[in-house]
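J.: Any chance you could fold what I've pasted below:
(2 chains)
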Amino acid sequence: EAQVTQNPRYLITVTGKKLTVTCSQNMNHEYMSWYRQDPGLGLRQIYYSMNVEVTDKGDVPEGYKVSRKEKRNFPLILESPSPNQTSLYFCASSTTVGQPQHFGDGTRLSIL
Amino acid sequence: QKEVEQDPGPLSVPEGAIVSLNCTYSNSAFQYFMWYRQYSRKGPELLMYTYSSGNKEDGRFTAQVDKSSKYISLFIRDSQPSDSATYLCAMSDRSTLGRLYFGRGTQLTVWP
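T.: The predicted model follows:
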């Protein structure tokens, strides 16, 4: 089954403790992206990657890092999480840039 | 001003009604337009994808793009309770294809 898989689905952690949210897709997609969704603000793009070793900033990249070492994986790293990064995070992928994106089911992060 | 504006609703209609959902945008360079549906606790799923202006129909769903007015619409005919979800518009332009801009989403409830 074609899918985008995120882990963990839920996480409660404390300020400053580094964490990584993994994202993996099994569709051989070139393009991958991370979003956060907050009430009243909708979906905002954090980072995206057009191919292996190619990443770029979206609307809200501050406090986040990404890497794209392999085509299928695109982890989101919070080096020093803060409470304002409490949010619902989505990973998405598409065959190539500009094509419709397939989304994972989300990761709910709470940072205390 | 946000790049993409969408009335968050909520919108509540009886089963069988025709639903009209709309977004306006400010960037005249947008060329790719999408509508996503998001059920509670799930990731967005693609409903419609259109390029440039015009109409596109898929079953009970019709997407319209009016680039001269910077306005896009999604119509749902014969609405069903299973259509109850949040509907998100999204768009991108040719020069920055990696970036995808979302509206805030409209929450729709279809009651039996």
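
J.: Tell me the pLDDT of the residue lying closest to residue A:43 once chain neighbours are set aside.
T.: With sequence-adjacent residues excluded and distances taken as CB to CB, 6 or more residues apart in numbering or on different chains, residue A:43 is closest to residue B:102, at 4.1 Å. The way it works is simple: take the backbone N, C-alpha and C, and place the C-beta from them, glycine included. The model reports residue B:102 with a pLDDT of 92.

J.: again with the one 10 residues further on
T.: The predicted local distance difference test score for residue B:112 is 95.

J.: thinking again about what came up before, residues contacting the residue nearest to residue A:43?
T.: A:35, A:42, A:43, A:44, B:4, B:88, B:89, B:90 (CB atoms under 8 Å, 6 or more residues apart in numbering or on different chains).

J.: How about residue A:34?
T.: Residues near residue A:34 by CB under 8 Å, 6+ apart: A:23, A:45-48, A:58, A:64, A:66, A:74, A:76, A:89-92.

J.: just residue B:92 next, same as before
T.: Neighbours of residue B:92 in contact, by CB under 8 Å, 6+ apart: A:98, B:30, B:31, B:32, B:99, B:100, B:101.

J.: Show me which residues of chain B are close to chain A?
T.: Contacts of chain B with chain A, taken as CB under 8 Å from any CB of the partner chain, map to B:6, B:8, B:32, B:34, B:36, B:41-46, B:49, B:88, B:90, B:92, B:94, B:97-105.

J.: Of all residues in chain A, which one is nearest the centre?
T.: residue A:34 (3.2 Å; CA atoms, centre = their mean).

J.: Buried residues in the host helix or strand of that residue, which are they?
T.: Secondary-structure assignment from DSSP states H and E places residue A:34 in strand A:31-38. Under the neighbour-count criterion of 16 or more other CB atoms under 10 Å in any protein chain shown, strand A:31-38 has A:31, A:32, A:33, A:34, A:35, A:36, A:37 buried.

J.: now the angle between strand A:31-38 and the helix or strand just after that strand, please.
T.: Heading C-terminal from strand A:31-38, the first helix or strand you meet, by DSSP H and E, is strand A:42-51. If you take axes from the mean of the first three to the mean of the last three CA atoms, to 10 degrees, strand A:42-51 sits at 160 degrees to strand A:31-38.

J.: List the buried residues in strand A:42-51.
T.: Within strand A:42-51, the residues that count as buried by 16+ other CB under 10 Å are A:42, A:43, A:44, A:45, A:46, A:47, A:48, A:49, A:50.
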